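J.: I need the structure of the sequence given here:
(one chain, ligands or ions: 3)
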Amino acid sequence: MAPEPTIDGKGSHGGFCGPAVKPIALNMVAEIARDPKTADFPISAMGGITTWRDAAEFVTLGAGNVQVCTAAMTYGFKIVEEMITGLSDWMDEKGYATTEDFRGRAVGNVSDWQYLNLNYITKAVIDQDTCIKCGRCHIVCEDTSHQAITQTKDGARHFEVIDAECVGCNLCVNVCPVQNCISMVAMTGGADPRTNLPIDDSYANWTTHPNNPARTEAAE
Ligand SMILES: Cc1cc2nc3c(=O)[nH]c(=O)nc-3n(C[C@H](O)[C@H](O)[C@H](O)COP(=O)(O)O)c2cc1C
Ligand code: SF4
Ligand code: SF4
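T.: Numbering: from 1, shown residues only. Ligands and ions are numbered 1, 2, ... in the order given. Here you go, the predicted structure:
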């Protein structure tokens, strides 16, 4: 036995590239763009860029240009022409003349996790008209989240969120194969049926929220 690919019977650890590294690369670009020490540096981004949407995402996080390796190796240079056409169409649609018009626009909305607003309460909502009743949302919520999605109603397959159980983890959205079938909807008033606590429209994060016994600062 030997690791593939083998060279004269031996395999070795190699580099990592393509779509698998994209989330890591996006984070690294965003970190450079939002750190005051490096924010003014020009950024040439790379890592998993395959479509014009990927390129646009890197530009919104501060990249002035992007580089492509794996996608060109997999599909040929034509892939770059498709990326240029797609990006150009999207920019026309949005009214952007150059990439400078949207470069870095998402940087201010990247936060460290501990500063996300814990008072922002959302519930998953399933669009019954587009649901194909595959049951994936039920399985993931039942087995690894909060048992907040039904499986049957009156003996028939039926997938509906139980607001009193939903913690807004977003897992069901990630596994649903139908685009926009499950939405996370913010609660803006009343009480959260899970905790019976009133919706609080003030901002409190992990360092200030009473839910965290180890909080370091007083809530506003
Ligand atoms: C087969 C292969 C060979 C590579 N050779 C080099 C190299 O010689 N020098 C270099 O700086 N990067 C090299 N890279 C890294 C790429 O330039 C690129 O930075 C990396 O693969 C991430 O981008 P990608 O996801 O678009 O491939 C190589 C990548 C691959 C897949
Ligand atoms: S958001 Fe999470 S807890 Fe709510 S229904 Fe979906 S998987 Fe279950
Ligand atoms: S995963 Fe999506 S399509 Fe499948 S049952 Fe759930 S809501 Fe319906």
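J.: Identify each of the strands in this structure and give its residue range.
T.: 44-45, 65-66, 122-126, 152-153, 156-157, 182-186 (DSSP state E).
J.: mind putting those in a markdown table, mean neighbour count included?
T.: For every residue, glycine as well, the C-beta is placed using N, CA and C. Below are those laid out as a markdown table (neighbours: other C-beta atoms under 10 Å):
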| stretch | mean neighbour count |
| --- | --- |
| strand 44-45 | 18 |
| strand 65-66 | 18 |
| strand 122-126 | 20 |
| strand 152-153 | 10 |
| strand 156-157 | 10 |
| strand 182-186 | 15 |
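J.: and Glu57, how many residues sit next to it?
T.: 20 (other C-beta atoms under 10 Å).
J.: so what's it up against?
T.: 26, 106 (C-beta atoms under 8 Å, 6 or more residues apart in numbering).
J.: how about a cut-off of 7 Å?
T.: Taking C-beta atoms under 7 Å, 6 or more residues apart in numbering as the contact definition, Glu57 lies against Leu26.
J.: Check it and give its pLDDT.
T.: Glu57 is assigned 98 on the pLDDT scale.
J.: so for the longest helix belonging to the chain, what's the average pLDDT?
T.: For the chain, the longest helix by residue count, based on DSSP state H, is helix 78-94. For helix 78-94, mean pLDDT rounds to 97.
J.: re earlier: got JSON lines for the strands of the chain, with mean pLDDT and distance to Gly76 too?
T.: Conversion of the strands of the chain to JSON lines gives the following (pLDDT from 0 to 100; distance: least, C-beta to C-beta, whole Å):
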{"stretch": "strand 44-45", "mean pLDDT": "98", "distance to Gly76": "21"}
{"stretch": "strand 65-66", "mean pLDDT": "98", "distance to Gly76": "17"}
{"stretch": "strand 122-126", "mean pLDDT": "98", "distance to Gly76": "41"}
{"stretch": "strand 152-153", "mean pLDDT": "96", "distance to Gly76": "49"}
{"stretch": "strand 156-157", "mean pLDDT": "97", "distance to Gly76": "44"}
{"stretch": "strand 182-186", "mean pLDDT": "98", "distance to Gly76": "36"}
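J.: now those as a markdown table including distance to ligand 2?
T.: Shown next, in a markdown table, are those (distance: least, C-beta to the nearest ligand atom, whole Å):
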| stretch | distance to ligand 2 |
| --- | --- |
| strand 44-45 | 31 |
| strand 65-66 | 33 |
| strand 122-126 | 4 |
| strand 152-153 | 16 |
| strand 156-157 | 16 |
| strand 182-186 | 7 |
